[in-house]
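Peer 1: following is a predicted model, sequence given first.
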Amino acid sequence: MKDIDRILDKLRIKEKDSESRKIYAEVFDEKTLKTLYKLASKGLIQALGGVVSTGKEANVFYADGKIDGELKPVAVKIYRIETSEFFKMDEYLFGDKRFDLRKISRKDLIFIWTEKEFRNLERSFSAGVNVPEPYEYFRNVLIMEFLGEDEKPYPTLFDLRKDLPDIVDLEELFEKIKENLRKLYQDAELVHADLSEYNIILKGEDPYFIDMGQSVLIDHPLASSYLERDLKNIIKFFSKFRIKEDFESFLSYVRGD
Ligand code: ATP
Ligand code: MN
């Protein structure tokens, strides 16, 4: 218990009251606390802020970060080590030539997954796709650009579903999503593989893709079926606003054939 208190002190938890500290102590297992301690010691995390999202596989937090000597808001995505769902990850890792699964124990799979999301974001960011800039990863913790203001994340397309027509020109938004998908496929050579209104954040009028742990290289054996699913999710979402798109022409636009 003393140990945990010391770590929480090091993380300079912004919510000072003991109730919040209790929550942090509960959501982080001991290994994760040690990982966060290390990131705080390196100065990457200056102070850990509030919870942005709690999910089945990961929790996302706001933090004041320090990247290359510069203070900036960061998102800290922490994959649960004790997750019951991560057997699903096999499908996305198997067939990815970058990772040799035969040598990896089940426990380390979650660390590989974190690295995979980092590398997918890095590839996408370098190719000019709108994604949060990835800064660092260590074990099951990923630090990236915080897409939001005043410690609050920008909304997803799902959050905005009702108000979207009042906020943006939907035709233009669809066009921007298509362009980002084409860059993702042709320049980053990746398929997102979990794209939908839940994993697209709107920053001003620009769509940003998030949540890329499951993204695969285009030569993955199941890449084309993931791509089909992604495109169909987007078509379905926009059809609710009476914007029609033909799957085949969308597909050839994205693939450039
Ligand atoms: P779940 O287990 O719930 O499916 P997840 O794996 O889907 O979690 P993400 O989609 O990456 O996790 O993130 C969950 C939420 O956290 C997002 O909907 C978004 O609100 C917020 N979020 C994620 N990344 C960022 C970021 N870089 N900046 C701001 N908010 C973010
Ligand atoms: Mn998500």
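Peer 2: Perfect, I can see it now. Residues are numbered from 1 along each chain as shown. Ligands and ions are numbered 1, 2, ... in the order given.

Peer 1: please count neighbours and contacts with C-alpha atoms only from this point.
Peer 2: Fine.

Peer 1: the residue of the chain found nearest ligand 1: how many residues sit nearby?
Peer 2: Nearest to ligand 1, among the residues of the chain, is residue 55, at 3.2 Å (Cα to the nearest ligand atom). One way to gauge burial is a neighbour count; for residue 55, by other Cα atoms under 10 Å, it gives 9.

Peer 1: just the pLDDT at it, thanks.
Peer 2: At residue 55, the model reports a pLDDT of 84.

Peer 1: next: residue 237.
Peer 2: Each residue has a pLDDT score; the one for residue 237 is 98.

Peer 1: that one is in contact with residue 197, isn't it?
Peer 2: Yes: distance between residue 237 and residue 197: 7.0 Å, which falls inside the contact criterion (Cα atoms under 8 Å).

Peer 1: centroid-nearest residue for the chain?
Peer 2: Within the chain, the residue whose C-alpha comes closest to the C-alpha centroid is residue 211; the distance, by Cα atoms, centre = their mean, is 2.8 Å.

Peer 1: show the pLDDT at the residue lying closest to that one once chain neighbours are set aside.
Peer 2: Once flanking residues are discounted, residue 211 sits nearest to residue 199: 6.3 Å by Cα to Cα, 6 or more residues apart in numbering. According to the predicted model, the pLDDT of residue 199 comes to 98.

Peer 1: burial of residue 199, as a residue count?
Peer 2: The local packing of residue 199 (other Cα under 10 Å) involves 18 other residues.

Peer 1: residue 186 now?
Peer 2: Residue 186 - counted by other Cα under 10 Å - has 16 other residues nearby.

Peer 1: gap between the residue nearest to residue 44 when sequence neighbours are not counted and residue 48?
Peer 2: Residue nearest to residue 44 in three dimensions, not counting chain neighbours: residue 66, with 4.8 Å by Cα to Cα, 6+ apart. From residue 66 over to residue 48 the distance is 12 Å, taken as Cα to Cα, to the nearest Å.

Peer 1: those two: who's more crowded?
Peer 2: residue 48 (23 against 19).

Peer 1: distance from stretch 89-101 to the middle of the chain?
Peer 2: Per Cα atoms, centre = their mean, to the nearest Å, the displacement of stretch 89-101 from the mean C-alpha position of its chain is 18 Å.

Peer 1: what does that stretch rub up against?
Peer 2: Contact with stretch 89-101 is made by 113, 214, 215, 216, 217, 220, 221, as judged by Cα atoms under 8 Å, 6 or more residues apart in numbering.

Peer 1: do stretch 204-222 as well
Peer 2: Stretch 204-222 is touched from outside by 89, 92-93, 95-96, 113-114, 116-118, 120-121, 130-132, 167-168, 173, 176-177, 185, 189-195, 199-202, 223-224, with contacts defined as Cα under 8 Å, 6+ apart.

Peer 1: those residues, buried ones only, as a ChimeraX selection?
Peer 2: This is how ChimeraX selects the buried members of those, with burial counted by 16 or more other Cα atoms under 10 Å:
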select :92,93,95,96,113,114,116,117,118,120,121,130,131,132,173,176,177,185,189,190,191,192,193,194,195,199,200,201,202,223
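
Peer 1: just the ones in helices from the contacts of stretch 204-222, please.
Peer 2: 92-93, 113-114, 116-118, 120-121, 167, 173, 176-177, 185, 223-224 (DSSP state H).

Peer 1: so where's the stretch 101-250 of the chain shaky on pLDDT?
Peer 2: 102-103, 105-107 (pLDDT under 70).

Peer 1: the contacts of stretch 204-222: which ones sit near ligand 1?
Peer 2: Checking these against ligand 1 by Cα under 6 Å from any ligand atom, the ones in range are 132, 199.

Peer 1: where exactly do the strands run in the stretch 151-257 of the chain?
Peer 2: Read by DSSP state E, counting those that start in this stretch, the stretch 151-257 of the chain holds these strands, from start to end of the chain: 152-153, 190-191, 200-203, 206-209, 216-217.

Peer 1: of those, which is nearest residue 250?
Peer 2: Within those, the stretch nearest residue 250 is strand 190-191; the backing value is 14.3 Å (Cα to Cα).

Peer 1: good, we can wrap up now.
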